[in-house]
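**Q** Give the three-dimensional model of this entry:
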Amino acid sequence: MNVKQLVIGMLLALALLTLAHAPLSGQQGSGSYDPWLDYDENGVIDANELHQLGEAYGSLGDATRNVTIAGHVTTYLRPGGEHLSIPGSSNWLSDMISIDGYATVTVLIWVSSASNCYYELFACDNGGYSWLLDKTGTGVSNWVKTYDVMSQRVQIKIYNGGAPVTAEVAVYLVA
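**A** Numbers count the residues shown, from 1 in each chain. Take a look at the predicted model:
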C-alpha cells in the first residue's frame with residue numbers, strides 16, 4: 001500500500017465518521033410538539049416513544065370501545081357526604097374543592113323542598129381571592145351546571161330560608 005492510498009483511505013474514513021454524527025434532514029425539531037405522542041410525558045418525543053410504538057405496532061383492538069386515557073379521568077366527589085341536613089333559616093358551605101388540573105367541573109344539587117332555597121357557586125384561587133361564579137333564584141330543587149375550569153378551587157353554598165331540608169351535592173371533574 002502506498003502513501004497516496006493510505007491518505008485517501010483516511011480521508012474517506014473521516015468523511016464517513018463526519019456523516020455518521022451529522023443529524024439527518026428533519027431528524028430533530030422539524031415538527032411541532034404533540035403531547036399525545038409523548039407517552040412518558042417528559043416533554044421530549046424521543047426513542048422511548050418510538051420503542052413503545054414499535055412494541056404496539058400491529059396490535060389489534062376494538063376501536064369503538066370507550067377507553068379512559070391516562071391523565072384524562074373523571075373524578076366524582078360528594079362534598080358533605082351522602083345526605084346533608086340543612087336546618088331552617090341557615091346555610092351550608094362546602095369545603096374548598098380542588099379543581100386544579102381539570103378541564104371541566106359539573107355541579108349537581110338536589111334539595112328535598114326548595115321553596116326558600118337558593119345556591120351559589122364560588123371560584124377561588126390559591127391566593128385566597130374568591131368570586132361569585134353563579135347563583136340561582138329561590139325555588140330551584142334541581143340544579144346541574146357544567147363550567148370550564150378557570151380557577152384552582154370552587155366552593156358551594158346552599159341558603160335555606162325556610163323549614164329544614166335534606167340536600168345532595170355532587171361534583172364531577174373531567175380532565
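
**Q** Could you use CA atoms for every contact and neighbour count after this?
**A** OK.

**Q** residues contacting His164?
**A** Small correction: residue 164 is Pro, not His. The contact partners of Pro164, by CA atoms under 8 Å, 6 or more residues apart in numbering, come to Ser85, Ile86, Pro87, Gly88.

**Q** List just the nearest of the residues you listed to Leu132.
**A** Ile86 (21.4 Å; CA to CA).

**Q** partners of that closest one in the sheet?
**A** Val165 (DSSP bridges).

**Q** quick one on the thing from earlier: got TSV for the contacts of Pro164, with pLDDT, distance to Asp34 and neighbour count too?
**A** Listed next are these as TSV, based on pLDDT from 0 to 100; distance: CA to CA, whole Å; neighbours: other CA atoms under 10 Å:
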residue	pLDDT	distance to Asp34	neighbour count
Ser85	91	48	14
Ile86	91	49	19
Pro87	92	52	16
Gly88	88	54	15
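
**Q** Columns distance to Gln155 on top of those, output as a markdown table?
**A** Listed next are the contacts of Pro164 as a markdown table, based on distance: CA to CA, whole Å:
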| residue | distance to Gln155 |
| --- | --- |
| Ser85 | 18 |
| Ile86 | 17 |
| Pro87 | 20 |
| Gly88 | 21 |
